[in-house]
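> I'll drop the sequence and a predicted model, then ask my questions.
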Amino acid sequence: MNATPHTVIGYSIIKLIGGNPLGFLLAFVSHLVADYVGENNKEMSTNKQKFWFDVIPTILIGIFCYFYGGWSEVGLLFLGSFFGNLPDLIDKKMYLTIILPSKFKNTEYLHWQKISIKLTPSFTKYMGYGLVLIYALIIIL
């Protein structure tokens, strides 16, 4: 799964449970569960596309966090992103496998899940922006 859904799930868990070891552990475990949903990255094959459809939505959520909760909320988002994406940070070697694929190879230490739910390429592509919209509606209402 792309980074934005893991960030939003991890952030939501830490927001609900708190910025404590249990919240961090559950955010980490949420990644393992969420990976049973398999994105379809046929339309997001370049780093430029990944930037526009995975990085930018997370930045937008960070902006919402700042304007509706200040720096402490941005800190919770950062913790949610870190612990929600930690299995990818480990197996993808801090994302160097994406940036420099010829030099770094993925490991499968924490990615043994078999895909149970497959998403369409379009859904995968716009999922990050959908999560931004849902997050914005929740925080505004």
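Cool, got the structure. Numbering: from 1, shown residues only.

> packing partners for the lowest-mean-pLDDT helix or strand in the chain?
Scoring the helices and strands of the chain by mean pLDDT, DSSP states H and E places helix 96-99 at the bottom, with a mean of 80. Counting contacts by 3 or more CB pairs under 8 Å, 6 or more residues apart in numbering; DSSP states H and E, helix 96-99 is packed against helix 47-50. Quick note: C-beta positions are derived from backbone N, CA and C, even for glycine.

> could you measure from residue 14 over to residue 47?
Distance, residue 14 to residue 47, by CB to CB, to the nearest Å: 28 Å.

> swap in residue 17?
34 Å.

> can you pick out the residue with more neighbours from those two?
residue 17 (15 against 11; other CB atoms under 10 Å).

> list the contacts of the more buried one.
Neighbour list for residue 17: 23, 26 [criterion: CB atoms under 8 Å, 6 or more residues apart in numbering].

> also residue 41?
Applying CB under 8 Å, 6+ apart, one finds that residue 41 lies in contact with 2, 121, 124.

> of those, which is the nearest to residue 86?
Nearest to residue 86 out of these is residue 2 (CB to CB; 15.0 Å).

> how about that closest one, phi and psi?
Here is the backbone geometry of residue 2 (degrees, to the nearest 10): phi -70, psi 170.

> report all helices and strands that the helix or strand hosting residue 125 contacts.
Using DSSP states H and E, the element containing residue 125 is helix 121-140. The helices and strands touching helix 121-140, judged by 3+ CB pairs under 8 Å, 6+ apart, are helix 3-17, helix 56-91.

> quick one: it to helix 56-91, angle?
If you take axes from the mean of the first three to the mean of the last three CA atoms, to 10 degrees, helix 121-140 sits at 110 degrees to helix 56-91.

> show me what helix 121-140 is in contact with.
Contacting residues not belonging to helix 121-140 are listed as 2, 4-5, 8, 39-44, 49, 53-54, 56-58, 60-61, 64, 68-69, 119 [CB under 8 Å, 6+ apart].
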